[in-house]
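Asker: need a structure here:
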Amino acid sequence: MKKTFDCVEMKRKAQERIYEEIRDLTPEKEIEYFHKAAEDFWKEIRSLRGDKQPEPARERI
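Answerer: This next block holds a predicted model:
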């Protein structure tokens, strides 16, 4: 049976994309990048669930 999806390849490509996006950022801008990514993730999850549950509490660094 031929494999149609390679999880490791997908992970590596995602890591490469993120690296390219953050490689020239300052540490402060890098933190902002990941905070925004987390916020966008939770917005998408809430949208898919169709509810307005608040995102989990997190501590700002």
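Asker: Just give me the neighbour total for residue 45.
Answerer: When neighbours are counted by other CB atoms under 10 Å, residue 45 registers 12. To be clear about C-beta, it is placed using only N, CA and C from the backbone, and glycine gets the same treatment.
Asker: chain center to the strand or helix carrying it: distance?
Answerer: Residue 45 belongs to helix 27-49 when assigned by DSSP states H and E. Put simply, helix 27-49 sits 6 Å off its chain's centre (CA atoms, centre = their mean, to the nearest Å).
Asker: Residue 51 in helix, strand or coil?
Answerer: coil (DSSP: H, G, I helix; E, B strand; the rest coil).
Asker: From residue 2, how far out is residue 33?
Answerer: According to CB to CB, to the nearest Å, residue 33 stands 37 Å off from residue 2.
Asker: Tell me which of these two has more neighbours.
Answerer: Remark: of residue 33 and residue 2, residue 33 carries more neighbours, 14 against 3, as counted by other CB under 10 Å.
Asker: How about the more buried one: what's its closest non-neighbour residue?
Answerer: residue 22 (5.6 Å; CB to CB, 6 or more residues apart in numbering).
Asker: In contact with the one you found, which residues?
Answerer: Residue 22 sits next to 29, 30, 33 when contact means CB atoms under 8 Å, 6 or more residues apart in numbering.
Asker: Please produce JSON lines containing the residues you listed, extended by pLDDT and distance to residue 15.
Answerer: Below are those laid out as JSON lines (pLDDT from 0 to 100; distance: CB to CB, whole Å):
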{"residue": "29", "pLDDT": "98", "distance to residue 15": "19"}
{"residue": "30", "pLDDT": "97", "distance to residue 15": "14"}
{"residue": "33", "pLDDT": "97", "distance to residue 15": "14"}
